[in-house]
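Participant: need a structure here:
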Amino acid sequence: MKCLLRILNVKWQDKVPITDVLERCKVSGVESILMRLQLRWCGHVYRMPDCRIPKKILYGQLTDSTRSQGGQRNGIKTIFA
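Facilitator: From the prediction side, this is the model:
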């Protein structure tokens, strides 16, 4: 955004909304670009054979987990308890 503001010669004191800056530059937001790239990658993984590691990781589930639910354990209480 800082680069786009500099290209358009807009100062931060002008308080121009981000949506207006993106419309002036005819650019979509960073979030939409990342979402498009993620969906594109998921399309590649979807068409992969089932034996490929990325597909196993994306569609896999954890069955035997050793981690317990909840937050971090307080080490002081476990030492002196």
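
Participant: what pLDDT does the model give K77?
Facilitator: According to the prediction, K77 has pLDDT 58.

Participant: so where is the protein shaky, pLDDT-wise?
Facilitator: For the chain, applying pLDDT under 70 flags the ranges 62, 65, 67, 73-81.

Participant: which residue ranges of this structure form helices?
Facilitator: 2-8, 18-25, 30-47, 53-59, 75-80 (DSSP state H).

Participant: which elements pack onto the fourth one?
Facilitator: Counting contacts by 3 or more C-beta pairs under 8 Å, 6 or more residues apart in numbering; DSSP states H and E, helix 53-59 is packed against helix 30-47. Any C-beta I mention is one placed from the backbone N, CA and C, and that applies to glycine too.

Participant: how about the helix it packs on: buried residues?
Facilitator: By 16 or more other C-beta atoms under 10 Å, helix 30-47 has no buried positions at all.

Participant: just put the helices of the chain in CSV and tack on distance to Q69.
Facilitator: Conversion of those to CSV gives the following (distance: least, C-beta to C-beta, whole Å):
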stretch, distance to Q69
helix 2-8, 41
helix 18-25, 38
helix 30-47, 28
helix 53-59, 22
helix 75-80, 17
